[in-house]
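> sequence plus predicted model, see below.
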Amino acid sequence: MKAADGLSKPACKQRDDEPVADFLVRLTRVHTDHCGIDAPAQRAVGPGEVGAWEAHLRNSFLMNMRKDISDLIRKNCIGYSRAPLSTIEEHAKHHETILGKKDAKRERQRADTTHQAMLTMLRTQVKAVLPEVTDKPLHTHQPGDWVLIKDFRRKRWSQPRWRGPFQVLLTTQNRMALDMLLAKEGGVCSMMGDHCCTYIPPSDAPGGNISMALDHM
């Protein structure tokens, strides 16, 4: 940037993540070293007390701060071009706070939108693998039937694939209460279709002997 006296000075722009107060300290140091005007003992209190050194620093401060803050000062601060540096600094800090709150609000809204999108995607993925809701029973077993339970704890092919037989005592849409060794093992089997249990025909049905059914498992 150029000073009013025509001497070149190092560029000193406010960084996006730099607070206004820190930027002014840094700018003041550069301005003092390169403007060629002696710094006053203290800053001006009113417009009539602003000297050349402070006027140059004020103008440089306005030109090189973040544009969104500078635009708000020029719009809302009456007489900013003649105001002392302290007034411009006060306005800059105020607008920086307001803009920071707006940025934080936008960031929260963006995070909420992302969160809702992820939840929607997860719901869609979960719904895709869940069985459809239906009023029909998920199994055909009835109280009194005999069933075998698939043993999901089986670790070797040589181990039995099925446990039982157990007698069905009570059924709901997707569960069966079984006579499992006098309820020693809990006696409730969750059903997903017929994946968990296999039906054994009653003894009075054709070929319905339980032992014959077991032989074919």
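Now that the structure is in, tell me what you want to look at.
> contacts and neighbour counts: CA atoms only from here.
Fine.
> give me the domain ranges for the chain.
Split into domains by automatic domain parsing, the chain comes to 1-130, 146-215.
> pLDDT (mean, whole number) over the longest one?
Mean per-residue pLDDT for domain 1-130: 83.
> what of stretch 158-169?
Rounded mean pLDDT across stretch 158-169 is 77.
> picking that back up, reformat the domains of the chain as TSV; add mean neighbour count and distance to residue 140.
Putting the domains of the chain into TSV (neighbours: other CA atoms under 10 Å; distance: least, CA to CA, whole Å) gives the following:
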stretch	mean neighbour count	distance to residue 140
domain 1-130	15	20
domain 146-215	15	8
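> quick check: next helix or strand after whatever helix or strand residue 103 lives in?
According to DSSP states H and E, residue 103 maps onto helix 85-129. Downstream of helix 85-129, the first helix or strand assigned by DSSP H and E is strand 146-150.
> tell me which helix or strand residue 24 sits in.
helix 20-34.
> what helices or strands is that helix leaning on?
Counting contacts by 3 or more CA pairs under 8 Å, 6 or more residues apart in numbering; DSSP states H and E, helix 20-34 is packed against helix 52-64, helix 85-129.
> which one of those lies nearest to residue 77?
helix 85-129 (7.4 Å; CA to CA).
> picking up where we left off before, and of the helices and strands packed on helix 20-34, who's closest to residue 18?
helix 85-129 (10.5 Å).
> in this structure, which strand is the longest?
Criterion DSSP state E: the longest strand present in the chain is strand 162-171.
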